[in-house]
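Enquirer: Pasted the sequence and its predicted model underneath.
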Amino acid sequence: MRYDKVFLIGNPIAGGGGALKRIEKAQEILRQRGIHFETLLTKKRGDAEHFAKKIKENHSGKILVIVAGGDGTYNEVVNGLAFSQIPMAILPMGTTSVLAKELKIPKNIEKAVEIAVAGKTQRVHLGIIENQQKQRLFILMAGVGFDGMAVFGVNPQKKKYLRKIAYILSGIKTLFKYTPTELIVNNSEPKKAYSAVVCKASCYGGNFKIAPDANLTDPCLYTFLSKTKSRIGLIFQILGILFGFHLKMKNTDYFKTENLNISGDAHIQIDGDYFGKTPAEIKVIKNALTLVFPFQT
């Protein structure tokens, strides 16, 4: 047996509340494989991070943490498990599960469990963001400006029942009333912009790739800047992202870095959840997490 103990951290309301049956199916598969496991189900925001911290503090040896949820649940466990040697594997159950798409983890629960318990482990690099109120790790991206405002406007009840549609509706609503304020993005030299997406992974909002060069095993951040104040210009840039030609458009910038500061007055989201407002400092944290990958990647 590869692991002495497996912890299954599950969010039963992920993906609009349909995750519980899939979590139960994952439990049955683990039992059939003769794997000794313990299930920890979240009831509120913060539970997954609390569970992960307790596992890190109280257990040693060959331990595996499997996270059944969406990107918000993954982010919580990342913040709880980081800087330990305990591997984290995922079962996609969320609204979009961008991390699952990044790792090429299938939705099929049997295949996802197989990867979780038998996949290869590798250290990955994370992003960390800090503003005047708090500090937090992220594994996918930090969105500042339009991105952050759209997530800020998501209605929790609509997110619960409408899932991905709730984000789309909030994005459309934000677009119609969006009046961006100027950001100063300070890397090696100051750059003016109205929105920024700082990526640790390439996938964004599903299969779209706003930073196609970003990779969890690359110890860098890739930043996409929108420099347009025009609503029409922003619409064209969004279309550029959808069809993959945004990096060639005017009023954009794209660069690789290990750290940057963003000043101004704008909302921020990380890994699909609201974080707060600028100013903020963003850095890469190297070799911060052990993650389970499929063997073919």
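Expert: Okay, I see it. Residues are numbered from 1 along each chain as shown.
Enquirer: I figured residue 64 hits residue 87, correct?
Expert: Yes - Residue 64 sits in contact with residue 87 when judged by C-beta atoms under 8 Å, with a separation of 5.5 Å. Quick note: C-beta positions are derived from backbone N, CA and C, even for glycine.
Enquirer: what do the two both touch?
Expert: Shared between the contact lists of residue 64 and residue 87 (criterion: C-beta atoms under 8 Å, 6 or more residues apart in numbering) are residues residue 292.
Enquirer: Could I get the contacting residues of the closest residue to residue 78 other than its chain neighbours?
Expert: Nearest residue to residue 78, sequence neighbours excluded (C-beta to C-beta, 6 or more residues apart in numbering): residue 139, at 5.1 Å. Residue 139 makes contacts with 74, 75, 78, 99, 124, 126, 127, 200, 201, 216, 271, 289, as judged by C-beta under 8 Å, 6+ apart.
Enquirer: if we go to 10 Å?
Expert: Residues in contact with residue 139, defined by C-beta atoms under 10 Å, 6 or more residues apart in numbering, are 71, 74-75, 77-79, 82, 88, 98-99, 102, 124-127, 200-201, 216, 270-271, 288-289, 291.
Enquirer: Let's see which of those residues end up in helices.
Expert: Using DSSP state H to define helices, the subset of the contacts of residue 139 located there is 71, 74, 75, 77, 78, 79, 98, 99, 102.
Enquirer: Out of the residues you listed, who's the most crowded?
Expert: In terms of neighbour count, residue 74 stands highest of these at 28 neighbours, by other C-beta atoms under 10 Å.
Enquirer: and that residue, how far is that from residue 50?
Expert: Noted for residue 74: a distance of 15 Å to residue 50, by C-beta to C-beta, to the nearest Å.
Enquirer: which residues of the stretch 1-150 of the chain fall in strands?
Expert: With DSSP state E, counting those that start in this stretch as the definition, the stretch 1-150 of the chain shows strands at residue ranges 5-10, 37-41, 63-69, 87-92, 120-130, 135-138, 141-144.
Enquirer: among those, which is nearest residue 247?
Expert: Of all those, it is strand 141-144 that lies closest to residue 247, at 15.6 Å by C-beta to C-beta.
Enquirer: tell me the mean pLDDT over the closest one?
Expert: In this model, strand 141-144 carries a mean pLDDT of 96.
Enquirer: Check which helices and strands it is in contact with.
Expert: Helices and strands touching strand 141-144, by 3 or more C-beta pairs under 10 Å, 6 or more residues apart in numbering; DSSP states H and E, are strand 120-130, helix 146-152, strand 195-199, strand 203-204, strand 221-226, strand 267-270, strand 273-277, strand 280-293.
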